[in-house]
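Asker: here is a sequence with its predicted model. Questions after.
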Amino acid sequence: MSSSLLSLNGLTKAYPGVVANDDVSLEIGRGEIHALLGENGAGKSTLVKMIYGLVKPDSGAMTFNDTAFAPPDPRTARTSGVGMVFQHFSLFDALSVAENIALGMENAPKMGQLAARITEVSDAYGLPLAPDRIVGDLSAGERQRVEIIRCLLQDPKLLIMDEPTSVLTPQEVAILFETLNKLRSEGTAILYISHKLEEIRTLCDNATVLRLGKVVGTCVPAETSAKEMAEMMVGTALKTPQRTAGTPGNVVLELTGLSVPPASAFGMPLRDVSLTLSEGEILGIGGVAGNGQDELLAALSGETRVRAGMVHYLGSDIAGLGPNERRTLGLLTAPEERLGHAAAPDMSLTENAMLTGATREGLQNRGFLNWGKAKGFAERIIEAFDVRTPGPANAARSLSGGNLQKFVIGREVMQRPNILVVNQPTWGVDASAAAAIRQALLDLAEGGAALIVISQDLDELMEISDRFAALNEGRLTRPEPAAVLTVEAIGLMMGGAHGMEVAHV
Amino acid sequence: MDLSAISPVILIAGLISSATPILLAATGELVVERAGVLNLGVEGMMITGAVCGFIIAVNTGSPTTGFLMAAVGGAVLSLLFAFLTQVALANQVASGLALTLFGLGISALMGQSYVGIKPPQMPDVNFGPLTDIPIIGPILFNQDPIVYLGLVLVAVVWGVLNYTRAGLVLRAVGENHDAAHALGYKVKRIRTLAIMFGGACAGLGGAYLSLIRVPQWTEGMTAGVGWIALALVVFASWKPWRVLLGAYLFGGIDRLQLNLQGAGVAIPVEYLAMSPYIVTIIVLVILSADKSRAPGSLGRIFNASQ
């Protein structure tokens, strides 16, 4: 019996026009945490989908537990001992925790017994979870626990985790790592996908780097610097964003006691949010997803109307103005959800450029649209932000997540805003593109614009913000100068670990 | 006017039977919608069931065979909808409307030579001495078998949806089809089966009209019952017992207003005729004020490649 649990041999998968995986081989040993690194579109997701039986390889072979392994569907993979925690949670909002877990199991016991086992396993791994709660009411960290426990109940030999920490607070990340280390000590192998290289350095034993579907190298993360790993992924030397500290100018935006009732049953209200924003300043707003980020952006963009006197722009009350009027004034926003909120999926890039750029870029004239000018504007965005697409006539949907993100951020940056509010500017974007986006935001601030950057990536916020505040349950903490904040202080601002204990191991 | 002519016992016994077609069709549609599919073709499947059941019952002399074939007829027609929406990935609203128009047309064609014929009668279930209990007897133990089938169907659908794995999977598919697919469930197969079940129920409901309620075949005889059933599912917040309540409420007020018309109450007939719709909608809107909401994937096209 060999020491390796899973070995992949020359796996190849091609889609029309693109080879997602080209002759990929890797070995994962028992009790090993193995990192899979790569830029967006490097083929990480396709690779794990093949292991989990969601996609069939065109050629190549897999061996799992010393036997040939070619799962035709996820059920077979699960019965063989492969569990997967998805990047976009595969949960059902309207069902309870126990029901969600039962759906991911092959031989689910009766609900009563299952509830008892959920409590048992969640206590053993320090992941407290009530079986009868409705998933729609849970926080992102709790939702992830549902997925992890769903996998653990089936005693997996290999656990695949796709970007597990992107939605967690630092404390929640610490709890997750305790759990993963406990699993490792019990002999469970973990295949770990993440963009966060520092995490990989602390957690993972080995790493395989993919670029454009090919394995370009392996390394031992603990002995490799994050910069070296990033350069392996990108293939070129990486630039870190540069900023020159400037003195903030006049106050341009002022929120006083901004309160908004929740929009839906699962929504979050905004409670008494107050802040001031000055020219040339970047205010970073952190917090776990679902604590009012979307609501704050909607209140600033004008999508949600708020009561008079709550929002002042250059001293005048703009609470009653809608999104287009605010755009005309120079207050631009880029929401988090790329498809469907920031961009219309089935419309071309030119049409999407027209949608927010019409007034400020002068793309319309007395109600008539100037498509030639809009196309030029789209081409300038594509050029300036290195959006990889055949041309502006392509539908927004056809772009990969990272490329579309570059487009929707670029579209707002290119309109020379006085105030720019962005939510998750580098969500799902690879290291080099993320650096480019951050640099663009910094350049904008240097030019005198005021920025609010809402993000769940704390490293990003620390890198670019002048002041930092956190949203928790719809309340905003007092903004503090970012330079003096510690990770612990930030964690407390974000609301701690939501009453969780660190696993006792 | 003489209100004493209205007997409460006969009224209640009558409302149970007049609610049955709506109840059957709405329960079927509830299952379809819980699986995440919006089938607006209920009216078309009902009338197809009505004509199929009528033709078979007249030709075989057996109402039971008629009802069976009505269910088959409704299910076969619903397969057309399943093909359009699950295989060809067509828009569900347009496909459902097309199904209704198609059903109305094909039933008129099939039923041409059956107008004016009387179908064989279905005997009531014999409960022996139970029938003679005052009040309860005529209400509960003096009905035809399909009435009881409708009640059993509601109970079974409720039990299966809430207490079995099959029901859980069906709800999961309706709630989030991408997640269900990622977990390895066959979204299209489950939805197709749900659509066929909905078709069979609608077919039964239609045959109840042509074989028991009326009993006769006339073109377009469902007269909007399918649409009421559709609305009922939404107002009942996709909950089986509320569908039952809504159907009985509608059937009851419908009966009452007919009786009031007969008794010569001095309210214009038009107001009486619209009263069942108004009262049912008001009551169910009040009930649906709780947190319950539509299945998350309702009406959305599922495409596995995305």
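Answerer: The structure has been received and is ready for your questions.

Asker: so which bits of chain A are right by chain B?
Answerer: Contact residues, chain A versus chain B (C-beta under 8 Å from any C-beta of the partner chain): A:53-54, A:73-75, A:78, A:86, A:89-95, A:99, A:102-104, A:108, A:265. C-beta here means a position set from N, CA and C on the backbone, and glycine is covered the same way.

Asker: quick check on those: which are buried?
Answerer: Taking 16 or more other C-beta atoms under 10 Å in any protein chain shown as the criterion, what is buried in those is A:53-54, A:74, A:78, A:86, A:89-95, A:99, A:102-104, A:108.

Asker: what's the average pLDDT for whatever helix or strand A:Leu492 lives in?
Answerer: Using DSSP states H and E, A:Leu492 falls within helix A:487-493. Mean per-residue pLDDT for helix A:487-493: 79.

Asker: quick one: that helix to chain centroid distance?
Answerer: Its chain's C-alpha centre and that of helix A:487-493 lie 20 Å apart, by C-alpha atoms, centre = their mean, to the nearest Å.

Asker: list of residues touching it?
Answerer: Contact with helix A:487-493 is made by A:169-171, A:286, A:458, A:468-470, A:472, A:477, A:480, A:497, as judged by C-beta atoms under 8 Å, 6 or more residues apart in numbering or on different chains.

Asker: which among the residues you listed end up buried?
Answerer: Of those, these count as buried by 16+ other C-beta under 10 Å: A:169-171, A:286, A:458, A:468-470, A:472, A:477, A:497.

Asker: where along the stretch 151-300 of chain B do the helices fall?
Answerer: Listed from the start of the chain, the stretch 151-300 of chain B has helices (DSSP state H, counting those that start in this stretch) covering B:165-175, B:177-182, B:187-208, B:225-235, B:240-263, B:269-287.

Asker: turn the ones you listed into a markdown table, columns for mean neighbour count.
Answerer: Listed next are the helices of the stretch 151-300 of chain B as a markdown table, based on neighbours: other C-beta atoms under 10 Å in any protein chain shown:
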| stretch | mean neighbour count |
| --- | --- |
| helix B:165-175 | 22 |
| helix B:177-182 | 22 |
| helix B:187-208 | 27 |
| helix B:225-235 | 23 |
| helix B:240-263 | 20 |
| helix B:269-287 | 15 |
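
Asker: worst mean pLDDT among these?
Answerer: Taking mean pLDDT as the measure, helix B:269-287 is lowest among the helices of the stretch 151-300 of chain B, coming in at a mean of 82.

Asker: contacts for that helix, please.
Answerer: B:228, B:231-232, B:235-237, B:242, B:245-246, B:249-251, B:253-254, B:257, B:260-261, B:265.

Asker: how about a cut-off of 7 Å?
Answerer: B:235-236, B:242, B:246, B:249-250, B:253-254, B:257, B:260-261 (C-beta atoms under 7 Å, 6 or more residues apart in numbering or on different chains).

Asker: quick check: angle from it to helix B:240-263?
Answerer: Computed by axes from the mean of the first three to the mean of the last three C-alpha atoms, to 10 degrees, the angle separating helix B:269-287 from helix B:240-263 equals 160 degrees.

Asker: circling back to that earlier point, farthest pair in the contacts of helix B:269-287?
Answerer: B:Arg242 and B:Gln261 (28.3 Å; C-beta to C-beta).

Asker: residues in contact with the residue nearest to B:Val42 when sequence neighbours are not counted?
Answerer: For B:Val42, ignoring the flanking residues on the chain, the nearest one in space by C-beta to C-beta, 6 or more residues apart in numbering or on different chains is B:Gly226 at 3.8 Å. Counting by C-beta under 7 Å, 6+ apart, B:Gly226 makes contact with B:25, B:42-43, B:46, B:202.

Asker: distance check, B:Gly226 against B:Gly199.
Answerer: Computed as C-beta to C-beta, to the nearest Å, the B:Gly226 to B:Gly199 distance reads 12 Å.

Asker: what's the answer for A:Leu127, then?
Answerer: A:Leu127 sits at a distance of 45 Å from B:Gly199 (criterion: C-beta to C-beta).

Asker: equivalent analysis for B:Phe302, please.
Answerer: B:Phe302 is 19 Å from B:Gly199, by C-beta to C-beta.

Asker: now do the same contact list for the spatially most central residue of chain A.
Answerer: By C-alpha atoms, centre = their mean, chain A has its centre lying nearest to A:Trp427, at 4.0 Å. For A:Trp427, the contacting residues are A:336, A:405, by C-beta under 7 Å, 6+ apart.

Asker: list the contacts of residue 235.
Answerer: Defaulting to chain A. A:Arg211.

Asker: my bad, the chain I had in mind was chain B
Answerer: B:246, B:281, B:284-285, B:288.

Asker: the worst-scoring helix or strand of chain A on mean pLDDT: which residues count as buried?
Answerer: The weakest-scoring helix or strand in chain A, judged by mean pLDDT, DSSP states H and E, is helix A:487-493 (a mean of 79). Neighbour-count burial for helix A:487-493, with 16+ other C-beta under 10 Å as criterion, is recorded at A:490-493.

Asker: give me the residue from the stretch 301-450 of chain A nearest chain B.
Answerer: Relative to chain B, the nearest point of the stretch 301-450 of chain A is A:Arg397 (9.3 Å; C-beta to the nearest C-beta).

Asker: what's the neighbour count on that residue?
Answerer: By the criterion of other C-beta atoms under 10 Å in any protein chain shown, A:Arg397 has 15 neighbours.

Asker: next up, the contacts around it.
Answerer: A:339, A:345-346.

Asker: can I get the residues you listed in CSV with secondary structure?
Answerer: CSV is the format used below for the contacts of A:Arg397 (DSSP: H, G, I helix; E, B strand; the rest coil):
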residue, secondary structure
A:Leu339, strand
A:Pro345, coil
A:Asp346, coil
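
Asker: drop anything exposed from those residues.
Answerer: So, by 16+ other C-beta under 10 Å, none of the contacts of A:Arg397 is buried.

Asker: wait, a strand at A:Thr79?
Answerer: No. Per three-state DSSP, A:Thr79 lies outside any strand segment and is helix.

Asker: that one and A:Glu106 touch, don't they?
Answerer: Yes. Using C-beta atoms under 7 Å, A:Thr79 is in contact with A:Glu106, at 5.6 Å.

Asker: chain neighbours aside, what residue packs nearest to A:Ala342?
Answerer: A:Val408 (4.2 Å).

Asker: what residues are up against that neighbour?
Answerer: A:Val408 touches A:334, A:338, A:342-343, counting by C-beta under 7 Å, 6+ apart.

Asker: mind giving me the ChimeraX select for those, buried ones only?
Answerer: Selecting only the buried entries of the contacts of A:Val408 in ChimeraX, with 16+ other C-beta under 10 Å as the criterion:
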select /A:334,338,342,343
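
Asker: for B:Val31, state which of the contacts of A:Val408 is nearest.
Answerer: A:Arg338 (35.3 Å).

Asker: chain B against chain A: which residues are in contact?
Answerer: B:165, B:168-169, B:171-172, B:175-176, B:179, B:182-184, B:291, B:296 (C-beta under 7 Å from any C-beta of the partner chain).

Asker: now, the most widely separated pair of those?
Answerer: Longest span within those, C-beta to C-beta: B:Gly184 and B:Lys291, 29.9 Å.

Asker: which of those two has more residues huddled nearby?
Answerer: Neighbours per residue, other C-beta under 10 Å: of B:Gly184 and B:Lys291, the larger number sits with B:Gly184, 20 against 11.

Asker: how far away is the nearest residue to that one once chain neighbours are set aside from B:Thr164?
Answerer: Sequence neighbours aside, A:Pro74 is the residue nearest to B:Gly184 in space, at 3.6 Å (criterion: C-beta to C-beta, 6+ apart). Going from A:Pro74 to B:Thr164 by C-beta to C-beta gives 22 Å.

Asker: go on, B:Val42?
Answerer: B:Val42 is 25 Å from B:Thr164, by C-beta to C-beta.

Asker: the two: which is more packed in?
Answerer: B:Val42 (34 against 11).

Asker: perfect, that will be all.
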